[in-house]
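Participant: structure of the sequence below:
(one chain, ligands or ions: 1)
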Amino acid sequence: MRIIRTKAELKAHVRELKRSGKTIGLVPTMGFLHEGHLSLIDIARGKADAVIVSVFVNPTQFAPNEDFDSYPRDFDRDAALCAEHGANAVFAPEPEEMYDPSASTWVEEVSLSKPLCGASRPTFFRGVTTVVSKLFHLAQPDIAVFGQKDAQQLLVVSRMVRDLDFPIEIIAAPLVRGQDGLALSSRNRYLTPDEHLRATNLHRSLVEARAKIEAARAVKSEFIEAAKEVITAAGGKVDYVSALDRTTLREPTAGTTQILLAAAAWFGTTRLIDNELIDF
Ligand code: PAF
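Facilitator: As a prediction, the model looks like this:
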């Protein structure tokens, strides 16, 4: 497996793969890989001849008050895991390699990126769409795999691919949970054992709300309020709990058949997200 640090090397590697007729699968990550990421690599391997995993903690998607500096990093472990899971290359550039100091261009989706995480992290998604566009141009993948855990990110990236005609198929990979139900996330690393235990209520709050929505075949504000109560009673601070039409990320209408039930909450200083998909 190759470890690639520069854009020039990545382009050369991609040229080589294309010349030998290989299809390319890209798995964009910020590293500190867990079982969720590894499942993305496994899916990519099943769908493409060669898999490139990017490991890049992208500064442009962090606000100045967020955890860019403290975001967990362990490159040697990440590289070993990528090799074990059959990746052909890991692309791990430094921020200075990825971004010219005078860069002044953003790629921004301006509808699906506004509610939910976009409301509390207003510059997050333009950082994501900008870096993902750059990764798509550099790696020229046939497919790219994103986790359903970041449901809004998946929708925003899919919209960007459609709107900007990237010739890439976006594959959604199922959310992976620990045995206690907590969605796997690199940020779980920040939780104390007590916070970890309490954070499992984030999932419980959504499972309970989901059952009520499915039984009523409707979203009622009391279901959302009850979910917030579950999180608050567990010592969490709610950012949002929301059930939106999955295609528009707006309030459900009479014609809505697919709901994204999503939540974000802080346990201690760690902000966690989770979601459930509901089909009527
Ligand atoms: O989901 C992530 O880890 C990041 O947002 C991504 C897609 C790798 C872009 O930096």
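Participant: relative to residue 250, how far out is the residue most central in space within the chain?
Facilitator: Central residue of the chain (C-alpha atoms, centre = their mean): residue 150, 3.6 Å from the mean position. Per C-beta to C-beta, to the nearest Å, residue 150 is found 19 Å from residue 250. The way it works is simple: take the backbone N, C-alpha and C, and place the C-beta from them, glycine included.
Participant: again with residue 219
Facilitator: 12 Å.
Participant: tell me which of these two has more neighbours.
Facilitator: The neighbour count for residue 219 versus residue 250, taken as other C-beta atoms under 10 Å, is higher for residue 219 (20 against 13).
Participant: please report phi then psi for the residue nearest to the more buried one when sequence neighbours are not counted.
Facilitator: Excluding its sequence neighbours, the residue lying closest to residue 219 (C-beta to C-beta, 6 or more residues apart in numbering) is residue 243, at 4.3 Å. When read as degrees, to the nearest 10, the backbone of residue 243 gives phi -120, psi 110.
Participant: please give me every residue in contact with residue 243.
Facilitator: 209, 213, 219, 223-224, 252, 259-262, 278 (C-beta atoms under 8 Å, 6 or more residues apart in numbering).
Participant: determine which two of those residues are furthest apart.
Facilitator: Maximum pairwise distance among the contacts of residue 243 (C-beta to C-beta): 14.3 Å, between 223 and 260.
Participant: which is the next helix or strand following the longest helix seen in the chain?
Facilitator: Counting residues, the longest helix in the chain under DSSP state H turns out to be helix 193-216. In the C-terminal direction, the helix or strand that comes right after helix 193-216 (DSSP states H and E) is helix 221-233.
Participant: avg pLDDT for that next one?
Facilitator: Taken as a whole, helix 221-233 carries a mean pLDDT of 98.
Participant: list the buried residues of it.
Facilitator: Buried residues in helix 221-233, counted by 16 or more other C-beta atoms under 10 Å: 223-224, 227-228, 230-231.
Participant: which other helices and strands does that helix contact?
Facilitator: helix 193-216, strand 237-245, strand 258-267 (3 or more C-beta pairs under 8 Å, 6 or more residues apart in numbering; DSSP states H and E).
Participant: tell me the contacts of residue 75?
Facilitator: Residue 75 sits in contact with 31, 55, 92, where contact means C-beta under 8 Å, 6+ apart.
Participant: which ones are touching the second one?
Facilitator: Pointing back at residue 55 there. By C-beta under 8 Å, 6+ apart, the neighbours of residue 55 are 29-31, 33, 75, 78-79, 82, 90-92.
Participant: closest one of the residues you listed to the ligand?
Facilitator: residue 30 (4.1 Å; C-beta to the nearest ligand atom).
Participant: which of the helices or strands spans the residue nearest to that closest one when sequence neighbours are not counted?
Facilitator: Excluding its sequence neighbours, the residue lying closest to residue 30 (C-beta to C-beta, 6+ apart) is residue 57, at 4.8 Å. Residue 57 belongs to no helix or strand when assigned by DSSP H and E.
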